[in-house]
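A.B. asks: next one to model:
(2 chains, ligands or ions: 2)
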Protein chains: 2
Amino acid sequence: MTKTPDSAVRSYIAQHQEAFLADLADWLRIPSVSADPDRAGDVRRSAEWLAEKLRGTGFPVVEVWETDGLPAVFAEWPAGEAGVPTVLVYGHHDVQPAAKADGWRTEPFEPTVVGNRLHARGAADDKGQVFFHTLGLRAHLAATGRSAPAVNLKLLIEGEEESGSPNFGALIRRQAERLAADLVVVSDTGMWDERTPTVCTGMRGKLDCQIDLTGPDSDIHSGSFGGAVPNPATTAAELAAALHDEQRRIALPGFYDGIVELTERERELFAKLPFDEAGWLATAKSHGLQGEAGYSTLERIWARPTAEVNGVWGGYTGPGTKTIVPAEAHLKLSFRLVAGQEPERIEQTVRDWVAARVPAGIGHRVHFGSITRPCLTPLDHPALRSTVRAMERAFEQEVLFTREGGSGPAADLRDVLGATVLFLGISVPSDGWHSVDEKVELDLLLKGVEAAAYLWGDLAENHR
Amino acid sequence: MTKTPDSAVRSYIAQHQEAFLADLADWLRIPSVSADPDRAGDVRRSAEWLAEKLRGTGFPVVEVWETDGLPAVFAEWPAGEAGVPTVLVYGHHDVQPAAKADGWRTEPFEPTVVGNRLHARGAADDKGQVFFHTLGLRAHLAATGRSAPAVNLKLLIEGEEESGSPNFGALIRRQAERLAADLVVVSDTGMWDERTPTVCTGMRGKLDCQIDLTGPDSDIHSGSFGGAVPNPATTAAELAAALHDEQRRIALPGFYDGIVELTERERELFAKLPFDEAGWLATAKSHGLQGEAGYSTLERIWARPTAEVNGVWGGYTGPGTKTIVPAEAHLKLSFRLVAGQEPERIEQTVRDWVAARVPAGIGHRVHFGSITRPCLTPLDHPALRSTVRAMERAFEQEVLFTREGGSGPAADLRDVLGATVLFLGISVPSDGWHSVDEKVELDLLLKGVEAAAYLWGDLAENHR
Ligand SMILES: [Zn+2]
Ligand SMILES: [Zn+2]
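C.D. replies: Ligands and ions are numbered 1, 2, ... in the order given. As a prediction, the model looks like this:
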C-alpha cells in the first residue's frame, strides 16, 4: 500500500496556504447570490472565476455549463491509467443573500479574518468547502509525485443550489454521459463540531404535498347548519392529527415498509457524539422534545422518516369571531424519507390514505411537489471507509458519523449516475449557514484541504 | 273563559289592514342600516317613526332610549288591573345593508308588492314582525272591548341587532326595573314554512374562543429539526380533531352533563315537520350530512350542542413549499350550547381540556369572547300553550314546534329579567333574511297580526 506520506502533504499545504486563502478571499468578494436577479452577473462572474482557477490547478478540461438559469462549472482530470474509480465532486458557487444591514458585524462580501475565523458569506456554504479541493488536489499530486490524480476526477459546481436547484436535474440528465462516475463526493455539508470530526453517511429524501378540502359552496352560518354538515377545517385537522399515532409513529399504512433500519453499530456511534440537549434545543429555538418513541433525537432527525405540517389554513382568521362552517381548508405537509422508501410509493400511500379518510360531503384534491430521494452509504462500504481514513489522517483522531436530516440534490446525482454518494465536509454548526456572520474555522478548512489530499489515493487503492 | 271572538278580530283586521300595510311601507322606506355609520341618522329616524306610531296605537308611555350606539324604543301599556302577567315584546328596528346593485329585483328601500309578497329590506327581519303587534293590539282591544291590554304590555325594539347588539346587555341591565316582566315574547324568528305554522321553543347559546399555540421561537427548518420537536400546527390539528369522537359526540369531559334532553314528545313533533333533506342541503350549500350519532338533522341543529372549527391557521400558506416547523398556530372555535349547559362551566372545561392536551414544548393561551346563554321553554309551559293556541286560532290548523339553532340577545332578557321566553313569528325560510329580495308573505303577516291579537287574552287567562 503506497500511502501518501502525511508529512509531505502537510508541508505542501503549509507552503501554499497563504496564497490559497488569498484566492478564496477573492472568490468570496464576488456576491454570487442566486436568489437575486440583479446578481445574475455576479453568479456568472463567480463561475468564470472558478473555471479560471481550476485551469490554474491543472484540470485539462474546464467548462462553464449553461442552464435555463445560472451557470455551473464542470472540470475533469483523468487519472491516465485504467482500473481506477471515477469520482465526481459536487458543490455550489452561489450563496445566500447577505447585507451588513441584516446585522453582520463585518461586510459579508469583504472577507475578514478574526483570529482563526474567516468571515464572509459563502466562507463555509459552500465556496470554502469547494475550494479546499484545489489545494487538496495539488498537495495530493506533490506528495505522490503524480502528474494526474490517482482517480479520474470530475467536479460539478452548480450555481443555483441556494435557489432550490431548479435546473440541476435537467442539467445532469442532459450531461449524464460526461458526468458518469462511480462515486460522488458531496462537499456541501459539515461535521459534528470543532472537536468532533465526523463523516456524513446519508441524507433524507423529501416529498411534499398540499391537500385542498372543500365543504359548503361558501362559508355558512354555524348556528343554522353547524353540527349537521361536515366542516372542511375539521377534516383538515383530523387528517393532520391522524398522521401520527400515540407513539409519534407515522400512522399511514405501510409507511415504514422496506426502510433501511439503523444498525446497532450506527446507534452506538451516534450515541458517542457529545450531544447537548439544551444546546440543541436552543439551536432548534424549541422548548421541548417530541418524536417517535424508541429513538434518540439524533436518530429521529437523521435516520427516521417524518411527517410534518408545514402550513394549515381555513375559515375566519381575523380579529374577533365569525361563527361559520368554512367553505374550504388546506394543509401543506412534507414527509422526510429514509433509504428504502420509494417516494412514488409513499405518494400513492398518501393519496389513498386521504381518500379513505375524507368524509362524505367534503371534496378533496392532493397536489404533490417535487421529489427528493433519500440516499445512504453503509458504514462498511469500502469508499466510505476511505473517506473516514482520509479524515482520520487529517484530524489524527477517531472520526464518528452523522447523517443529514435535510434533503439535497446529491440524491439526484446518485439516481441519474448510479453512483455511491460520499460526503466530505469540515464546516461546523456554528458557521452560520444562511445566517449573519457566516464564517469558516481556518484550521478546519486546512484539515479539509488535507483530507481531500488523502482521499484520492485511498479510493484508488481500495475501490478498484 | 272569555275567549276573544275570532270573527271580531278578523273583521277588525280586514278593515284596517290597508292602512297597516301603508304604514309599514313608510317605515320600510327608512334605511335603518345599523352597520353603516352613514345611516346612523336613518336608524334614529326609524326609532322616532316607531315611537310616534306606538303613541298612535295608544301606548301611554313611549320613549326613545339612548345607548352608547344607536337608539332603542321602549313602550309600556299597563293592563290597569291586578293579577295579570307582564309581557315584554322584543324585536329590532335596524336592518341589514341592502342595495339594488347586490342583485335585488326591486329597490330594497322602496317597498313593492308583488302578488302576496311585500318586498323590502326589513319586511320580515324585523320590521314586519315588530309591526304586526300594533294592529294585533288594536284588534285585541276592539274585539274584547277593553281600553287597555289584558296583560301589562311592554315593548323593547332595539336598533343594533344586526350589528351584534353591542350595547344591548348594558341597556337592559341599566333599565332592568322598567323592563321587569314575567314573559318575553320574541318576534324576530319565523316558522317552518308557508304551509306549516310552528312555534319556536328555544335558542341555543354560544361560547367562542381563540386558542393560540406557540412552538419554536421562529419558523425552523423541518429537515434539520422536524420529527424531534413538537409542531404547534400539529397540536392545533390534534385539538380540533379531538373535539369529536367517532360518533361525532363532543369528547370534552363532562360536556353533556346536565343538559336538558329532548323529550320523546318533542322528537315525535319534530319528526312530523315536512323535512326535505335535499332542499335543506341546498340551503346549507353543503354536499353531505354529518353529525352526532342517534339524532336527526333537525335535532342536531336545534337541540344538541356542537363544537365547530370556525378558523384555523399556522405556518406557510403561500404558493409552493416551505419546509418548516411553524412558530405558531391558531384555532377559532365556537360551541353552541343547549339548556342545562352553563357557559362558564363549559369555558372552564375547554380551558382544562386544552391545558391537558397540549404537549410539553408548546405554549398555549385560550381567549374567550362573549357568552350567549341557551334558552328553552318546555312544551307544557302554560305560556307556551297560550302561544300555540293563539297561532292555531290564526292558522286554523295544528301548530308544530321548532327551535332556533343560532343564538340571540333574547337569552339576555331571560337572564337579566328572570322571564320565560316565548317566540311569536310568521316569517318563513324563503323570506331571504340578510339576503337579496327579502320579502314577507302578506297572508302570513296578517296571520301574525291575528295571533298577536289572541295572545294577550289567552296569557291573561292562563298565566296568572
Ligand atoms: Zn450549500
Ligand atoms: Zn332580526
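A.B. asks: centroid-nearest residue for chain A?
C.D. replies: Relative to the mean C-alpha position of chain A, the nearest C-alpha, by C-alpha atoms, centre = their mean, is the one of A:G408, at 4.1 Å.
A.B. asks: got the phi and psi for it?
C.D. replies: According to degrees, to the nearest 10, the main-chain angles of A:G408 amount to phi -140, psi 170.
A.B. asks: do the same with A:Q348
C.D. replies: Per degrees, to the nearest 10, the residue geometry at A:Q348, taken as phi and psi, is phi -70, psi -40.
A.B. asks: any idea which element A:R10 lies in?
C.D. replies: Of the helices and strands defined by DSSP states H and E, A:R10 is found in helix A:6-28.
A.B. asks: the helix or strand just after that helix packs against which elements?
C.D. replies: Following helix A:6-28 in sequence order, the next helix or strand is helix A:40-57 (DSSP H and E). Packed against helix A:40-57 by the contact rule (3 or more C-beta pairs under 8 Å, 6 or more residues apart in numbering or on different chains; DSSP states H and E) you find helix A:6-28, strand A:61-65, strand A:72-77, helix A:127-144, strand A:152-158. To be clear about C-beta, it is placed using only N, CA and C from the backbone, and glycine gets the same treatment.
A.B. asks: tell me the SS of the residue of the stretch 351-464 of chain A found nearest chain B?
C.D. replies: Each residue of the stretch 351-464 of chain A has a distance to chain B, by C-beta to the nearest C-beta, and the smallest belongs to A:G361, at 1.9 Å. Of the three states, A:G361 takes coil according to DSSP: H, G, I helix; E, B strand; the rest coil.
A.B. asks: does it really touch A:P232, like I thought?
C.D. replies: No: applying C-beta atoms under 8 Å, one finds A:G361 not in contact with A:P232, separated by 9.3 Å.
A.B. asks: so for these two, which residue has more residues nearby?
C.D. replies: Neighbour comparison, A:G361 and A:P232: the larger count goes to A:P232, with 27 against 20 (by other C-beta atoms under 10 Å in any protein chain shown).
A.B. asks: contact partners for the more buried one?
C.D. replies: With contacts taken as C-beta atoms under 8 Å, 6 or more residues apart in numbering or on different chains, A:P232 has the following neighbours: A:213-215, A:314, A:326-329, A:362.
A.B. asks: tell me the one of these nearest chain B?
C.D. replies: The shortest gap between chain B and any of these belongs to A:G314, at 5.4 Å (C-beta to the nearest C-beta).
A.B. asks: can you check the pLDDT for that closest one?
C.D. replies: The predicted local confidence for A:G314 comes out at a pLDDT of 97.
A.B. asks: in three-state terms, label it for me.
C.D. replies: Secondary structure of A:G314, reduced to three states by three-state DSSP: strand.
A.B. asks: poorly predicted segments of chain A, please.
C.D. replies: A:1-5, A:464 (pLDDT under 70).
A.B. asks: now do the strands in the stretch 151-300 of chain A.
C.D. replies: For the stretch 151-300 of chain A, strands defined by DSSP state E, counting those that start in this stretch occupy the ranges A:152-158, A:183-186, A:198-203, A:205-214, A:220-221.
A.B. asks: can you lay out those as CSV showing mean neighbour count?
C.D. replies: Putting those into CSV (neighbours: other C-beta atoms under 10 Å in any protein chain shown) gives the following:
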stretch, mean neighbour count
strand A:152-158, 26
strand A:183-186, 26
strand A:198-203, 26
strand A:205-214, 22
strand A:220-221, 18
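A.B. asks: quickly list the domain ranges of chain A.
C.D. replies: The record's domain split for chain A, according to automatic domain parsing, is A:6-203+A:375-462, A:205-259+A:305-372.
A.B. asks: ok, back up a step: list residues touching both of A:G361 and A:P232?
C.D. replies: Listed contacts common to A:G361 and A:P232 are A:G215; contacts here mean C-beta under 8 Å, 6+ apart.
A.B. asks: please identify the helix or strand for the residue in the stretch 301-450 of chain A that ligand 1 sits nearest to.
C.D. replies: The stretch 301-450 of chain A approaches ligand 1 most closely through A:W433 (6.9 Å), counting by C-beta to the ion. Applying DSSP H and E as the criterion places A:W433 outside every helix and strand.
A.B. asks: now do A:V43: how many residues are near it, please.
C.D. replies: 26.
A.B. asks: err, A:K285, not the other one
C.D. replies: Using other C-beta under 10 Å, the number of residues around A:K285 comes to 16.
A.B. asks: that one touches B:T214, doesn't it?
C.D. replies: No: counting by C-beta under 8 Å, A:K285 does not reach B:T214; the two are 10.9 Å apart.
A.B. asks: which one is A:F20 nearest to, not counting chain neighbours?
C.D. replies: Nearest in space to A:F20, with sequence neighbours left out and distances taken as C-beta to C-beta, 6 or more residues apart in numbering or on different chains, is A:L135 at 4.5 Å.
A.B. asks: do stretch A:190-210 and ligand 1 meet?
C.D. replies: No: using C-beta under 5 Å from the ion, we find that stretch A:190-210 stays clear of ligand 1, coming within 9.8 Å at best.
A.B. asks: ok, back up a step: B:D352 is nearest to which of the helices and strands packed on helix A:40-57?
C.D. replies: Each of these was checked against B:D352 via C-beta to C-beta, and the shortest separation belongs to helix A:127-144, namely 52.7 Å.
A.B. asks: next up, the contacts around the residue nearest to A:F20.
C.D. replies: Going by C-beta under 8 Å, 6+ apart, the list of residues near A:L135 reads A:13, A:16-17, A:20, A:449, A:452-453.
A.B. asks: could you export the helix holding A:R10 as CSV, CA atoms only?
C.D. replies: Taking Å, rounded to 0.1, in the frame of the first residue of the first chain, the C-alpha atoms of helix A:6-28 are listed here in CSV:
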residue,chain,number,x,y,z
ASP,A,6,1.3,12.7,5.7
SER,A,7,4.4,15.0,6.3
ALA,A,8,4.7,15.7,2.6
VAL,A,9,1.0,16.7,2.3
ARG,A,10,1.3,18.9,5.4
SER,A,11,4.4,20.7,4.3
TYR,A,12,2.9,21.3,0.8
ILE,A,13,-0.2,22.8,2.4
ALA,A,14,1.8,24.9,4.8
GLN,A,15,3.8,26.4,2.0
HIS,A,16,0.7,27.2,-0.1
GLN,A,17,-2.0,28.1,2.4
GLU,A,18,-1.4,31.8,2.3
ALA,A,19,-2.0,32.0,-1.5
PHE,A,20,-4.9,29.6,-1.1
LEU,A,21,-6.6,31.8,1.4
ALA,A,22,-5.9,34.9,-0.6
ASP,A,23,-7.5,33.3,-3.7
LEU,A,24,-10.5,32.1,-1.6
ALA,A,25,-11.0,35.7,-0.4
ASP,A,26,-11.0,36.9,-4.0
TRP,A,27,-13.8,34.5,-4.8
LEU,A,28,-15.8,35.4,-1.7
